[in-house]
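Colleague: test case, fold it:
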Amino acid sequence: MYYEFVRSPSAGVNTYKITLKVYRDCVPAPDKAGFDDPASVAIGMSDGTYFRRNFNMTRPVISPFSNQSTNNCQLLPPGLCVEEGVYTRNIDLPVDATKSYYIVYQRCCRNNTIFNIISPGQVGATFYVEITPAAQLAQSSCPQFKNFPPLAICAGYSLEFDHSAKDIDGDSLAYEFTAPLAGGGMNNGNGCDALTPTPPCLPPYDDLRYRNPYSPTNPMGGNPALAIDPVTGFLSGKPEVIGQFVVGVKVKEYRNGVLLSENIRDFQFNVTECISVTSALLSGGDSIGESIDFFQCGDNRIVIKNKSIATPNSDYEWQFYYKGDTLIYDTFNFTIDVPESGIFSGIMIINKGLECTDTAQFKFSKYPGLNADYSFQFDTCVGKDITIKNLSTSDGGKLSIYEWNINNINFSNQKEFNFKPDSSGSYKTQLIVEDVNGCRDSIQKDIDYFPIFTREQRTSEKLTGCIPYAAKLEVLEDLNPIKYTAKWDFGDGTDSSGFSTIHSYNNAGNYDVELTISNQYGCEYTKLLKRQVTTYNPPTAGFEYLPTNPNSHKNKVQLLDMSTGGIDWSYIMPNGDTLSGANQNVILQDTGLNPIKQIVENQYGCLDTLSKIIDVTPFNVIYLPNAFTPGIDGKNDTYRPAGINSSLQEYSLKIFDRWGNNVFSSTDWKTGWNGTDQNGLPLPASSYAVSLKAKSGRGEVFEMKGMVLLIR
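Modeller: Residues are numbered from 1 along each chain as shown. Reported below is the predicted structural model:
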């Protein structure tokens, strides 16, 4: 805990910023406490009274500290973690020239695994800071420790840690070990022995009791034992016992020989068995190991990568022997510019002067550079050889090896050569050269080889068809449409572009087609395709039918061919049947619309079609008989209309006696009158009136009246 003077808002009043830092293990077990929120803090006076009982501090800023160590040689076991909770709050305090202020926070309990004190799990801690009258009058701030102590100390290794503090007022500081203060206990309630005394109790406080042989001034033992420099605050020693230890460090602030303040840091140190991980390894060129030897050509910048196995906070020293001097560098990797050729060497030392030091050696040969290069040339219009000319140079020796690759395949090991591709395209070429020193260089170039070949360009076969004929014309060569263009003259006064095109010919004849192919360099190839397209006129379909007005009574129809230019004829009938021949006699069974299509073909396979619809009308003829003889001779027993009914959809027959009584009715053409009344009783011989109404499917209306003589 510490305080900072902020300002004096009024005469005789000082504003202080109070800071409390509390530490705990990360991710506490269920029976361990988290950070208090609020933290119960009290402000007391040196006369034993409270200035404020409930100066609570809330919302701590929590930060983790993981795997920190002061030992460059050892890697700490994983999982070590401590969290810091920082509380801050401002307070206005009247200046008191005779009494001190005590800012106090108490909490139980400590880790039960602490090794150097008695009953650690049953005793807590008291954190307080005293603002003396001299400090109040001087409006000073107390010292603050600069560095966070290491989470762990490696057993058997030297500990060196700067535990000094900083003072913003520039006062003199002195350091010493001191006993941390006890506070709180295992009891319930709010008293001084409670888990959280509320309010915290005022001085004096009990010191922690150390287990023999440990003490406040010898808190961890070791050989040599842990010690603190009273002037610098520097901690040193070599702990040997593994465990957890509570250490108290006091810093005293003096101004002109007058003690202004004292501040105690109460902290837990973990002494653990650490893992040694130091191994010096380097990488340069194609060489890797603790002793590397490589060479470099041309490039003046030398880069040696550090591949060592070591702790993150290890130190590195590079010693490079150059022109009789030893150049020292402290970077992780080694980079240097060496302009001249020669053989150079040096070493890299990890953790120089420590127990875990290790050394790696390096040597490299620096040679002049070489430059791979070549040119190429070919006739852009005629598909001939590509001439490859080697332009490579070397500053350090004769070129001894040439390796040429085309499309990732080794093609030649000559210095220069000619290459004739099988087809157009983009060729990925590469040259790798090596000199007598073993230096290598390479270069890649893309050769766009798209000439106009002198050989015949493959196109579509000759085409024939009937007008209007859609002729598909194609260039069958595998030509890159970005590098080449194709133009077609169709021979009918029109043209078009494209490697594949469809052109419609509307007149019969023979057509010469001209194809022109151009490349990106402006070269052209022209090919005349004689009689490439031949087109023919199709026949003309035509037919008539007799009779021109067939009906359901007269439904035999003659199909008469009227086409021209055909050699083969067929008709597709309404039921889907196909009849072959120019003229046909057919019977149309169904009344209504009957579609018939004629197909005519000529000697060139050209077709023409004509469809007609033949309307077969219904045939209806109705007569009313004038007499019938029911029950006499078994003949003519029923009276009904006579005639032909092929499509009646509405029908009504009614019989009336001489007095106008309706003696019979029917809506069924096939149902007749048998000479009885509505009750089925025979009617006498007499004349009866007949009324008939009917309507055909096409709307033809029949209305008939007459007399019928019933004879008995």
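Colleague: please make it C-alpha for all contacts and neighbour counts, starting now.
Modeller: Fine.
Colleague: residues in contact with residue 322?
Modeller: Contacts for residue 322 (C-alpha atoms under 8 Å, 6 or more residues apart in numbering) come out as residue 344.
Colleague: repeat that for 10 Å
Modeller: For residue 322, the contact set (C-alpha atoms under 10 Å, 6 or more residues apart in numbering) comprises 338, 343-346.
Colleague: need the phi and psi values for the residue nearest to residue 338 when sequence neighbours are not counted.
Modeller: Leaving aside its chain neighbours, residue 338 sits nearest to residue 300 (5.0 Å; criterion: C-alpha to C-alpha, 6 or more residues apart in numbering). With angles defined as degrees, to the nearest 10, residue 300 sits at phi -80, psi -20.
Colleague: next, the buried residues of stretch 194-203.
Modeller: Within stretch 194-203, the residues scored as buried using 16 or more other C-alpha atoms under 10 Å are 194-202.
Colleague: buried ones among the contacts of residue 322?
Modeller: Using 16+ other C-alpha under 10 Å as the burial test, these include 344, 346 as buried.
Colleague: now for the contacts of residue 322, which pair is the farthest apart?
Modeller: Taking C-alpha to C-alpha, the two most distant members of the contacts of residue 322 are 338 and 346; they sit 13.6 Å apart.
Colleague: from residue 306, how far out is residue 555?
Modeller: Counting by C-alpha to C-alpha, to the nearest Å, the gap from residue 555 to residue 306 is 107 Å.
Colleague: partner residues bridging residue 87?
Modeller: With beta bridges defined as DSSP bridges, residue 87 has these partners: residue 20.
Colleague: so what's the residue count around it?
Modeller: Applying the criterion other C-alpha atoms under 10 Å, we find 21 residues in the vicinity of residue 87.
Colleague: so where's the protein shaky on pLDDT?
Modeller: Scanning the chain with the threshold set as pLDDT under 70 gives 27-33, 66-71, 74-80, 453-457.
Colleague: what about the helices in it?
Modeller: Applying DSSP state H to the chain gives helices spanning 133-138.
Colleague: follow-up on the earlier one: turn the contacts of residue 322 into JSON lines, including distance to residue 611.
Modeller: What follows is the contacts of residue 322, written out as JSON lines (distance: C-alpha to C-alpha, whole Å):
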{"residue": "338", "distance to residue 611": "96"}
{"residue": "343", "distance to residue 611": "100"}
{"residue": "344", "distance to residue 611": "100"}
{"residue": "345", "distance to residue 611": "101"}
{"residue": "346", "distance to residue 611": "102"}
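Colleague: what is the nearest of the contacts of residue 322 to residue 460?
Modeller: Scanning these for proximity to residue 460, where the rule is C-alpha to C-alpha, the winner is residue 338, at 66.6 Å.
Colleague: need the contact list for the closest one.
Modeller: Each residue near residue 338 by C-alpha under 10 Å, 6+ apart is listed here: 299-302, 322, 344, 366.
Colleague: possible to save those residues as TSV with distance to residue 185?
Modeller: As requested, the contacts of residue 338 are arranged in TSV below (distance: C-alpha to C-alpha, whole Å):
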residue	distance to residue 185
299	72
300	71
301	67
302	65
322	68
344	69
366	73
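Colleague: which of these lies closest to residue 251?
Modeller: Sorting these by distance to residue 251 puts residue 322 at the head of the list, at 49.4 Å, by C-alpha to C-alpha.
Colleague: any idea how far that closest one is from residue 335?
Modeller: From residue 322 across to residue 335, the span is 14 Å (C-alpha to C-alpha).
Colleague: check contacts around residue 595.
Modeller: Neighbours of residue 595 in contact, by C-alpha under 10 Å, 6+ apart: 572-575, 611-615.
Colleague: how close does it get to residue 233?
Modeller: As it turns out, when the distance is counted by C-alpha to C-alpha, residue 595 lies 116 Å from residue 233.
Colleague: repeat that for residue 170.
Modeller: Between residue 170 and residue 233 the distance, using C-alpha to C-alpha, works out to 16 Å.
Colleague: looking at the two, which is more packed in?
Modeller: Neighbour comparison, residue 170 and residue 233: the larger count goes to residue 233, with 22 against 13 (by other C-alpha under 10 Å).
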